[in-house]
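> Here is my input; please provide its structure:
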Amino acid sequence: MTARGAQVADDAGDAEDLDVEEALALVNEGNGPASGGAAPHSPAARHRDTPWPQAREIAARAVRAGARRAPVSVPLDAALGLALAAPLTALTDLPAFDTSAMDGWAVAGPGPWTVRGGGVLAGHDEPEPLTDGEAVRIATGARVPPDTTAVLRSEYGRTDAQGRLHALCEAGHGKDIRPRGQECRSGDQLLPPGTLVTPAVLGLAAAAGYDALTVVPRPRVDVLVLGDELLTEGLPHGGRIRDALGPMLPPWLRALGAGETTVRRIGDDAKALHGAITRSGADVVVTTGGTAAGPVDHLHPTLRRIGAELLVDGVEVRPGHPMLLARIREDQHLVGLPGNPLAAVSGLLTLAEPLLRALAAHPAPEPYTLPLREAVHGHPYNTRLVPVVLRGDHAVPLRYNGPAMLRGVAAADALAVVPPGGVRPGQETELLDLPWAAAGIGVCFT
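Numbers count the residues shown, from 1 in each chain. Predicted coordinates:
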């Protein structure tokens, strides 16, 4: 059996309709002597593979203090989706002067008032002061004249035949005036470092006087697609198949926080793989396939050759358990994804997402759970990641969740984290949102 064939057989135990015994049989088939490794449920395999929660924690903590790129200053229109590298401190009082909160009249002293000619509009210089018993028309956002007592809303005032203004309700002192510094004073910290720049943050920064923000730049990622059998166009033929990961990974990685992303296809070539990794200047190198121990799986030998530090070498998760995480240099990491498409998605969410989040200084999402509407069979000893759709207050498991299938995840809102042994109908289960289904900045694919 080839390495890729062993991978398919190994991961076949993830199919929904297999019972525990069938899953064990298929797992043993894919990890027995033919694949050159111990069965995953053996003591040796348990020692090698990292539990799924621990693997995510290792990836989140893999970035050392000196590995992050230096903060950069970018214009406001380029900061969306980045994390603040410095506190957002007010450069001015907000509002910067007393302003009218409503259209109406600025009045001084008790009424009735004599209405002064003209009016006060937003964006004009400071108007002339008012004297007691005087009023002037004023627009929302306009600077109130000195000595103004209150703003009388248009609907709360009337003028008599002599042109005098009368209040229809009491105009208390300071009514409908936004005083200078009501929101903040110059020098106040508005947001701490690490805050994700959303559209609302951009608006606050502009109001506080900023033209640019100091942010953590997005990490650069090189994607290396391995496999001689992959086609970049047309229909599968002659034993060759279409490359699904080359088109899928760059936008998905950008949705996870990556910046500049390049894709290179280098086939099953050990020399080319070595050159591509050692020449990469990216913060993260992502490879697809070649993570097992078959005759054309060159990733492990290449990492040993260049002296990389393996942080995670196999994860107790299905699909995708032969994923890996390595530190190539102090400031460069490699995420090795399995070649099967859904297995690669599992690797993205297990290792790449926490790593990229740490590099980009993005806050970790709050974990959440929902009950599953249907039972989901579990792997005997590994976590399973199963595509689901959200329906009201439940998650519904989807079919087509084999390691080589994308049909299920293409329709999904999230992946359910199914513990060993499975879940019962109605049982609360942790969910991992997919970027395009999650609320917030994660939906931005640019």
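> Verify the contact between Ala67 and Asp331 for me.
Yes. Ala67 lies in contact with Asp331 (CB atoms under 8 Å); the separation is 4.4 Å. Where you see a C-beta, it was placed from the backbone N, CA and C, and this is true even at glycine.
> Those two - which one has more neighbours?
Taking neighbours as other CB atoms under 10 Å, Ala67 and Asp331 compare with Ala67 leading, 17 against 14.
> who's in contact with that one?
The contact partners of Ala67, taken as CB atoms under 8 Å, 6 or more residues apart in numbering, are Asp283, Glu330, Asp331, Gln332, Leu359.
> Any idea how many residues pack against Val285?
Val285 has 22 nearby residues by other CB under 10 Å.
> Tell me who's in contact with it.
Val221, Asp222, Leu224, Ala276, Ile277, Ile328, Gln332, His333, Leu334, Val335.
> Out of these, flag the one nearest to Leu88.
Nearest to Leu88 among the contacts of Val285: Val221, at 27.5 Å, using CB to CB.
> can you pull the pLDDT of the closest one?
Here, the pLDDT recorded for Val221 equals 97.
> burial count for Cys169?
Around Cys169 there are 11 other residues, counting by other CB under 10 Å.
> so it, which of the three states?
coil (DSSP: H, G, I helix; E, B strand; the rest coil).
> Start the count at 23 instead of 1 going forward.
New numbering, starting at 23: the last item is Cys191.
> what sits against it?
Tyr178.
> swap in Leu377?
Ala81, Ala82, Ala84, Val85, Val306, Leu347, His355, Val357.
> what two of those have the greatest distance between them?
Top of the distance list for the contacts of Leu377 (CB to CB): Ala82 and Val306, 13.7 Å.
> So the two - more neighbours on which side?
Val306 (24 against 15).
> Now that the more buried one has come up, it's in contact with Val245, right?
No. Using CB under 8 Å, Val306 makes no contact with Val245, being 9.4 Å away.
> Count the residues that sit near Asn281.
Actually, residue 281 is Gly. It isn't Asn. Count around Gly281 with other CB under 10 Å applied: 19.
> Just give the number of residues close to the closest residue to it other than its chain neighbours.
Distance criterion CB to CB, 6 or more residues apart in numbering; nearest residue to Gly281, sequence neighbours excluded, is Arg240 at 2.8 Å. A count of nearby residues for Arg240, using other CB under 10 Å, gives 23.
> quick one, phi/psi of Ala382?
phi -90, psi 0 (degrees, to the nearest 10).
> on that earlier part again, tell me the residues that contact both of Val306 and Val245, please.
Contacts common to Val306 and Val245, judged by CB under 8 Å, 6+ apart, are absent.
> any idea where the helices of this protein begin and end?
25-33, 42-53, 65-70, 74-82, 221-229, 267-277, 292-301, 321-327, 363-369, 375-382, 429-432 (DSSP state H).
> Indicate which one of those is closest to Ala157.
Each of the helices of the chain has some distance to Ala157 by CB to CB; the shortest is helix 221-229, at 29.2 Å.
> helices or strands up against that closest one?
Under the contact criterion of 3 or more CB pairs under 8 Å, 6 or more residues apart in numbering; DSSP states H and E, helix 221-229 touches strand 110-111, strand 211-213.
> Point out the most buried one among those.
strand 110-111 (a mean of 18; mean count of other CB atoms under 10 Å).
> still on that earlier bit, columns neighbour count and distance to Leu392 on top of the contacts of Val307, output as a markdown table?
Below are these laid out as a markdown table (neighbours: other CB atoms under 10 Å; distance: CB to CB, whole Å):
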| residue | neighbour count | distance to Leu392 |
| --- | --- | --- |
| Val243 | 27 | 31 |
| Asp244 | 22 | 36 |
| Leu246 | 23 | 36 |
| Ala298 | 18 | 41 |
| Ile299 | 24 | 40 |
| Ile350 | 19 | 38 |
| Gln354 | 20 | 37 |
| His355 | 29 | 32 |
| Leu356 | 28 | 34 |
| Val357 | 28 | 28 |
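> returning to that earlier point: so which of the helices and strands packed on helix 221-229 comes closest to Ala77?
Per CB to CB, nearest to Ala77 of the helices and strands packed on helix 221-229: strand 211-213, 31.8 Å.
> quick one, what contacts the residue lying closest to Leu271 once chain neighbours are set aside?
Counting by CB to CB, 6+ apart, the nearest residue to Leu271 once its immediate chain neighbours are dropped is Val245, at 5.2 Å. By CB under 8 Å, 6+ apart, Val245 lies in contact with Leu267, Gly268, Leu271, Pro272, Leu275, Thr283, Thr284, Val285, Arg286, Val308, Thr309, Thr310.
> before we move on, what about Pro132?
Asp154, Gly155 are the contacts of Pro132 under CB under 8 Å, 6+ apart.
> Quick check, pLDDT for it.
91.
> same deal with Ala172?
Note on Ala172: pLDDT of 94.
> Quick check: closest non-adjacent residue to Ile288.
That would be Ala294: by CB to CB, 6+ apart, it lies 4.3 Å from Ile288.
> my bad, should have said Leu98
In space, Leu98 is closest to Leu224, 5.4 Å off (CB to CB, 6+ apart).
> Tell me the bridge partners for the residue nearest to Leu271.
Here Val245 sits in beta bridges with Val285, Val308, as judged by DSSP bridges.
> do the same with Val445
Val398.
> How many neighbouring residues does it have?
The burial count for Val445: 22, using other CB under 10 Å.
> OK, contacts around it?
Residues in contact with Val445 (CB under 8 Å, 6+ apart) are Leu394, Ala397, Val398, Gly400, Ala438, Thr451.
> Okay, now the unreliable bits of this protein?
Filtered on pLDDT under 70, the chain yields the residue ranges 23-69, 250, 253, 263, 460-468.
> Swap in 80 and give it another go.
23-70, 87-90, 249-255, 258, 261, 263, 265, 315-318, 458-468 (pLDDT under 80).
> how's it carved up into domains?
71-89+240-382, 94-113+205-238, 121-200, 390-465 (automatic domain parsing).
> re the thing from before, any idea which of the helices of the chain gets closest to Gly145?
Per CB to CB, nearest to Gly145 of the helices of the chain: helix 221-229, 14.9 Å.
> How about Glu352: what's its closest non-neighbour residue?
That would be Ala89: by CB to CB, 6+ apart, it lies 5.9 Å from Glu352.
> whoops, I mixed them up, Val431
Nearest to Val431 is Pro409, by CB to CB, 6+ apart, at 4.6 Å.
> Run a quick neighbour tally on the one you found.
26.
> again with the one 4 residues further on
When neighbours are counted by other CB under 10 Å, Arg413 registers 11.
> Show me which positions of stretch 289-296 end up buried.
Asp290, Ala292, Ala294, Leu295, His296 (16 or more other CB atoms under 10 Å).
> do stretch 172-190 as well
In stretch 172-190, counting by 16+ other CB under 10 Å, buried: Ala172, Val173, Leu174, Arg175, Tyr178, Gly179, Leu187, Ala189.
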